[in-house]
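*Asks:* sharing a model that was predicted from the sequence below.
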Amino acid sequence: MSQSGPVLRVRGLSARIGQQQVVEDVTLEVPAQGVTALLGRNGVGKTSTIKAVLGLVERNGVVELDGERIDTLPTHRIVQRGVGYVPEDREVFGSLSVEENLRLAERSANPRRDLVADLFPDIIARGQQAAGTLSGGQQQMVALARALLNDNRLLLVDEPTKGLSPKLVGEVTEALERAAQVVPILLVEQNLVVARRLADRAVVMADGRVVHTGDAAELLDDEQRVVSLLGVGSTGSSHGSSHDSGSHPDPSTHDQEVRS
Amino acid sequence: MSTVVLLLATGLGLGALYFLVASGLSLIYGLMGVLNFAHGSFLTLGAFAGWETARRLGGDSWGSLLLSLLVGAGVGALAAVLTELLLIRRLYERHIEQVLVTVGLALATVALFDGIWGTDAIFVTGPGWFDETTTILGARVPNDRFLLIGVALLVLGGIVAFLRFTRFGLVIRAGVENRSMVTALGIDVRRAFTVVFAIGGAAAGLGGVLASHYFGYVSPQLGGSLLIFAFIVTVIGGLGSLLGAAIASVVVAVLQQMANFYLSGTGDLVVVLLLATVLLVRPSGLMGARA
């Protein structure tokens, strides 16, 4: 893993779903260590940005992993280069057992079974159970475990605490904290308490564009700026529509304007 | 009683043929979302290849039958793989174009088979055992039914084992559920597409050789005539469900035989009514995933 430059560099990324432009000219970087939070209200293009990086939606722009362009590759090749993906809503294979879900995700001959067993003993104990019969929290563990099994250069984690109970939010946060010690993470997170605890840097999006990039703690400790950029207090979740009238962030609050 | 037994045996034999075609259709649709209207052509080609093999071996022995089954399956698989690689692969997620291409291929191949083998039915003979019957509960059941049922059960068992115990099978089962997530795990799902086409083509080719013995002839229209019912079976069983296809094959074929005998040859009508009922009551089919 390159320690000097960013692990992920995205320049001028645009994406569309059908006829709708969902990501527009996004430029961002993910350092080779720690957690970078991708924040913003619902529907501003965070998930689409992650999917565009992976090539799961139609996109244009430059995406580099450790300095090598990956935007010309199909999704499976991008993942094989060392990009782990934990999708929004888990997307575990419900008809397969937990063990089969994990086995399917293994890309190397020596998967990190010990790490996964250490982090998620509960799901390992349920190896033969159909993943579709697990609780939402357990399914989230399976989704995280699938990504952590492999020796990735980057994890793309999309709303891992969505819909979970406070106890499970704590467990998932802990797991991500430990994962971040071995692999950099680009984390989409609506729960700002979780983002505050995990993230070193924050990238904020609005209307499909990046509107702020900077230190996560600095942003999330600044109540006024959080309200301005994310529409909520720093202890809440940044829900709400990007299309709410008058809810657009004030560009004057930007730490670092991103050229568009 | 003996009539019912005979109808059941004949229905099971026909159901075996439906299953051999429907299993491939169902897997292909389940994994790739492709409605393959050219699937009947794999069956016809397999049937002709099997007949050519047996003819060249010059005998009606078990050996020539076995070899014709293997050749039929191989040719069906090869035709299906070539279809996937050369035509379908460029058209994933473009469903209208897929339908146009596969319908066009079905029409073109029938014309091609007409050109090569002629439009008349060619009569097929098998081992002498096929001409004999076995008496069950007073019913004299033609022996070829047992072969059909046995092969279909072997194919069902083989596909289930493949899906259950191999890495490709795991990928296919996951892909039927969520194709893009399989890709997002770093798996080239297109290879699974090719494998599924090969399996479907092999089963159809095998079905072609067996169908030629069941009906006693091979003709360019053989695949098309079975394909319609295989589609019905696939929909009733639930698109993408192998077990659903197996159950629906038996239900449809037995019902068809019973209605033909007891309701003045209305078997096809009853099957269509069954399809309509299933679509109204349970649109996802007997064992399909609910939307």
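*Replies:* Everything's here; your move.

*Asks:* get me the contact residues on chain B for chain A.
*Replies:* Proximity of chain B to chain A (Cβ under 8 Å from any Cβ of the partner chain) is limited to residues B:170-171, B:173-174, B:177-178, B:180-189. (Glycine included, C-beta is placed from N, CA and C.)

*Asks:* now do 6 Å
*Replies:* Within chain B, the residues that sit near chain A (Cβ under 6 Å from any Cβ of the partner chain) are B:170, B:174, B:177-178, B:181, B:183-188.

*Asks:* weed out the non-buried ones from the residues you listed.
*Replies:* A residue is treated as buried here by neighbour count (16 or more other Cβ atoms under 10 Å in any protein chain shown); on that basis the buried members of the residues of chain B next to chain A are B:170, B:174, B:177-178, B:181, B:183-187.

*Asks:* just to revisit the earlier point, in JSON lines: the residues of chain B next to chain A, plus secondary structure.
*Replies:* Formatted as JSON lines, these follow (DSSP: H, G, I helix; E, B strand; the rest coil):
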{"residue": "B:170", "secondary structure": "helix"}
{"residue": "B:174", "secondary structure": "helix"}
{"residue": "B:177", "secondary structure": "helix"}
{"residue": "B:178", "secondary structure": "coil"}
{"residue": "B:181", "secondary structure": "helix"}
{"residue": "B:183", "secondary structure": "helix"}
{"residue": "B:184", "secondary structure": "coil"}
{"residue": "B:185", "secondary structure": "coil"}
{"residue": "B:186", "secondary structure": "coil"}
{"residue": "B:187", "secondary structure": "coil"}
{"residue": "B:188", "secondary structure": "coil"}
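
*Asks:* between the buried ones among the residues of chain B next to chain A, which is closest to chain A?
*Replies:* Sorting those by distance to chain A puts residue B:186 at the head of the list, at 3.5 Å, by Cβ to the nearest Cβ.

*Asks:* where does the stretch 101-250 of chain B have low pLDDT?
*Replies:* Within the stretch 101-250 of chain B, no range satisfies pLDDT under 70.

*Asks:* could you pull out the helices for it?
*Replies:* Listed in chain order, the helices of the stretch 101-250 of chain B (DSSP state H, counting those that start in this stretch) span B:144-165, B:167-177, B:179-183, B:189-215, B:222-237, B:242-262.

*Asks:* what mean pLDDT does the helix ranked longest in chain B get?
*Replies:* In terms of residue count, the longest helix belonging to chain B (DSSP state H) is helix B:2-32. Along helix B:2-32, the predicted confidence averages to a pLDDT of 92.

*Asks:* around residue A:151, how many other residues sit close by?
*Replies:* The local packing of residue A:151 (other Cβ atoms under 10 Å in any protein chain shown) involves 15 other residues.

*Asks:* would you say it is within a helix?
*Replies:* No: with three-state DSSP as the criterion, residue A:151 is assigned coil and is not in a helix.

*Asks:* skipping adjacent residues, who's closest to it in space?
*Replies:* For residue A:151, ignoring the flanking residues on the chain, the nearest one in space by Cβ to Cβ, 6 or more residues apart in numbering or on different chains is residue A:108 at 6.4 Å.

*Asks:* hang on, the one you found in a strand?
*Replies:* No: under the criterion used here (three-state DSSP), residue A:108 is coil, not part of a strand.

*Asks:* and residue 30, how many neighbours?
*Replies:* If you meant another chain, say so; for now it's chain A. Residues lying near residue A:30 (other Cβ under 10 Å) number 25.

*Asks:* should've been chain B
*Replies:* 26.

*Asks:* repeat for residue B:255
*Replies:* Considering only other Cβ under 10 Å, residue B:255 is surrounded by 17 other residues.

*Asks:* ok, it - contacts?
*Replies:* Counting by Cβ atoms under 6 Å, 6 or more residues apart in numbering or on different chains, residue B:255 touches residue B:270.

*Asks:* just confirm residue A:214 is within a strand.
*Replies:* Yes: judged by three-state DSSP, residue A:214 forms part of a strand.

*Asks:* report pLDDT for it.
*Replies:* Residue-level confidence at residue A:214 comes out at 93, pLDDT.

*Asks:* do the same with the one 4 residues further on
*Replies:* Confidence per residue is given as pLDDT, and for residue A:218 that number is 91.

*Asks:* wait, what's in contact with it?
*Replies:* Shown in contact with residue A:218 (Cβ under 6 Å, 6+ apart): no residues.

*Asks:* that one: which element?
*Replies:* helix A:216-220 (DSSP states H and E).

*Asks:* with just CA atoms, put that helix into PDB.
*Replies:* Output of helix A:216-220 as PDB, limited to C-alpha atoms (Å, rounded to 0.1, in the frame of the first residue of the first chain):
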ATOM      1  CA  ALA A 216     -13.900  15.600  10.100                       C
ATOM      2  CA  ALA A 217     -13.600  16.600  13.800                       C
ATOM      3  CA  GLU A 218     -13.300  20.300  12.900                       C
ATOM      4  CA  LEU A 219     -16.400  20.100  10.700                       C
ATOM      5  CA  LEU A 220     -18.500  18.100  13.100                       C
END
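
*Asks:* near chain B, which residues of chain A show up?
*Replies:* Proximity of chain A to chain B, by Cβ under 6 Å from any Cβ, involves residues A:75-76, A:79-80, A:85, A:91, A:93, A:95, A:100, A:104-105, A:107.

*Asks:* which residues does residue A:93 contact?
*Replies:* Contacts for residue A:93 (Cβ under 6 Å, 6+ apart) come out as A:101, B:174, B:177.

*Asks:* that older thread, any idea which of the buried ones among the residues of chain B next to chain A is closest to residue A:230?
*Replies:* residue B:184 (27.4 Å; Cβ to Cβ).

*Asks:* in contact with that closest one, which residues?
*Replies:* By Cβ under 6 Å, 6+ apart, the contact set of residue B:184 is residue A:85.

*Asks:* change it to 7 Å
*Replies:* Taking Cβ atoms under 7 Å, 6 or more residues apart in numbering or on different chains, we find residue B:184 in contact with A:54, A:56, A:75, A:79, A:85, A:87.

*Asks:* neighbour-wise, which one of the residues you listed leads?
*Replies:* Counting neighbours by other Cβ under 10 Å, the top entry in these is residue A:85, with 28 neighbours.

*Asks:* quick check: it touching residue A:156?
*Replies:* Yes: using Cβ atoms under 7 Å, residue A:85 is in contact with residue A:156, at 5.0 Å.

*Asks:* before we move on, back to that, farthest pair in the buried ones among the residues of chain B next to chain A?
*Replies:* By the measure Cβ to Cβ, B:177 and B:186 form the most distant pair in those, at 17.0 Å.

*Asks:* number of residues surrounding the closest residue to residue B:236 other than its chain neighbours?
*Replies:* Spatial nearest neighbour of residue B:236, excluding adjacent residues (Cβ to Cβ, 6+ apart): residue B:248 at 4.1 Å. Using other Cβ under 10 Å, residue B:248 has 30 neighbouring residues.

*Asks:* just name the most buried of the helices of the stretch 101-250 of chain B.
*Replies:* Among the helices of the stretch 101-250 of chain B, the stretch with the highest mean neighbour count (mean count of other Cβ atoms under 10 Å in any protein chain shown) is helix B:189-215, at a mean of 26.

*Asks:* list the contacts of residue B:49.
*Replies:* For residue B:49, the set of contacting residues under the criterion of Cβ under 7 Å, 6+ apart consists of B:71-72, B:75.

*Asks:* read off the pLDDT value for it.
*Replies:* Looking at residue B:49, its pLDDT reads 97.

*Asks:* quick check: it is in a strand.
*Replies:* No: the secondary structure assignment for residue B:49 gives helix rather than a strand, going by three-state DSSP.

*Asks:* distance of it relative to residue B:93?
*Replies:* According to Cβ to Cβ, to the nearest Å, residue B:49 and residue B:93 sit 32 Å apart.
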